[in-house]
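**Q** Here is the input, now give the coordinates:
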Amino acid sequence: MKSGLVVLIGRSNVGKSTLLNTLVGTKIAATSFRAQLTRHIIHGVMNTPEGQAVFVDTPGMFKHKKSQLTGKLTEKVKNSLSDIDLLIYIVDPSRDIGVEERSVYGMIRHLSMPKILVLNKSDLAPNVRKYGELYSAWEKDFDAVLSVSALKASHITPLKEKVMEFLPEGEALYPEDQLTNIDNYFWVAEIIREKAFSVFDKEVPYSLTVDVESIEEKPNIFVISANILTNEDRYKRIIIGKGGNKLKEIGQMARKELEQALNKKVFLELEVEVDKHWVERI
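**A** Sure thing, here's the model as predicted:
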């Protein structure tokens with residue numbers, strides 16, 4: 001059989017986490033239209049008759065934001081490029097090639113492992129994907145070039161086939177029934193954080209994280225206690241909202257998705273706390 005590590009890399013907001021979820025067949029990575037939602041190295045496991053591919057979802061490269069968080073995420077991306085068997089560089093042909101794309105390209109172009117260039121968002125109209133032809137100059141540095149829609153799960157089968165073609169012979173890295181390296185606490189935190197990202201604009205989402213304190217399964221309900229951590233009092237007030245309306249909105253959306261995934265009622269206790277050092281623990 002074949003097996004190996006496949007790193008997904010690209011600028012922020014090109015659809016890496018959506019593609020990971022689509023390839024694995026279930027939602028294991030939080031997705032949002034906000035940049036830099038992914039902050040941790042998440043593994044997603046795809047099993048096929050030919051073998052097993054372990055996809056590594058990396059934080060997006062985001063050069064315009066200079067912060068402690070951005071620096072830590074960029075370092076994680078660079079560290080993820082060691083000891084891998086295949087690299088997939090995901091780009092968005094609806095955006096012009098910018099400093100982020102060139103930075104990633106410069107980082108990976110001379111790496112010796114097989115590389116696939118994936119042009120995502122093929123579901124968009126051709127006039128929207130007008131920058132796709134600009135990547136033709138880079139194609140010589142890749143072993144394959146494919147166009148897909150991660151959101152619509154379109155043209156995913158050819159990508160899966162290419163992945164298995166390039167992987168080396170080897171034993172499975174994960175048991176067949178295990179789809180990710182993250183535990184339930186991390187998974188719940190990612191869902192809550194995704195909903196917070198969808199509620200707030202501008203800098204607020206980048207000032208927060210989520211810490212799940214407890215998950216208790218009872219006969220007819222899951223009882224979950226979690227804290228949204230932010231680094232400033234002013235953000236705490238914004239996250240809570242007038243009369244607690246914003247926090248309630250986040251909680252309702254998170255609870256709805258959790259109940260659908262767990263097929264059981266969920267009681268979600270959600271609070272907001274100030275923690276000036278949460279970024280240091282990433």
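**Q** residues contacting the closest residue to Thr230 other than its chain neighbours?
**A** Spatial nearest neighbour of Thr230, excluding adjacent residues (C-beta to C-beta, 6 or more residues apart in numbering): Leu208 at 4.6 Å. Glycine gets a C-beta too; all of them are placed from N, C-alpha and C. Leu208 makes contact with Arg193, Ala196, Ile228, Leu229, Thr230, Tyr235, Ile239, according to C-beta atoms under 8 Å, 6 or more residues apart in numbering.
**Q** what's the next secondary structure element after the helix-or-strand element of the chain with minimal mean pLDDT?
**A** Least confident helix or strand of the chain, by mean pLDDT, DSSP states H and E, is helix 68-79 with a mean of 52. Downstream of helix 68-79, the next assigned helix or strand under DSSP states H and E is strand 86-91.
**Q** List the buried residues of that next one.
**A** Leu86, Leu87, Ile88, Tyr89, Ile90, Val91 (16 or more other C-beta atoms under 10 Å).
**Q** Can you lay out the residues you listed as JSON lines showing distance to Pro175 and pLDDT?
**A** Formatted as JSON lines, those follow (distance: C-beta to C-beta, whole Å; pLDDT from 0 to 100):
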{"residue": "Leu86", "distance to Pro175": "21", "pLDDT": "95"}
{"residue": "Leu87", "distance to Pro175": "25", "pLDDT": "94"}
{"residue": "Ile88", "distance to Pro175": "24", "pLDDT": "96"}
{"residue": "Tyr89", "distance to Pro175": "29", "pLDDT": "96"}
{"residue": "Ile90", "distance to Pro175": "27", "pLDDT": "96"}
{"residue": "Val91", "distance to Pro175": "33", "pLDDT": "95"}
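**Q** Same list as before, the residues you listed that is, but in TSV and with distance to Thr22 included.
**A** As requested, the buried residues of strand 86-91 are exported to TSV (distance: C-beta to C-beta, whole Å):
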residue	distance to Thr22
Leu86	17
Leu87	18
Ile88	12
Tyr89	17
Ile90	12
Val91	16
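**Q** pretty sure Pro126 belongs to a strand, no?
**A** No - counting by DSSP: H, G, I helix; E, B strand; the rest coil, Pro126 falls outside a strand, being coil.
**Q** what's the burial count for it?
**A** For Pro126, the count of nearby residues is 9 (other C-beta atoms under 10 Å).
**Q** Same question for the one 5 residues further on.
**A** Residues lying near Tyr131 (other C-beta under 10 Å) number 16.
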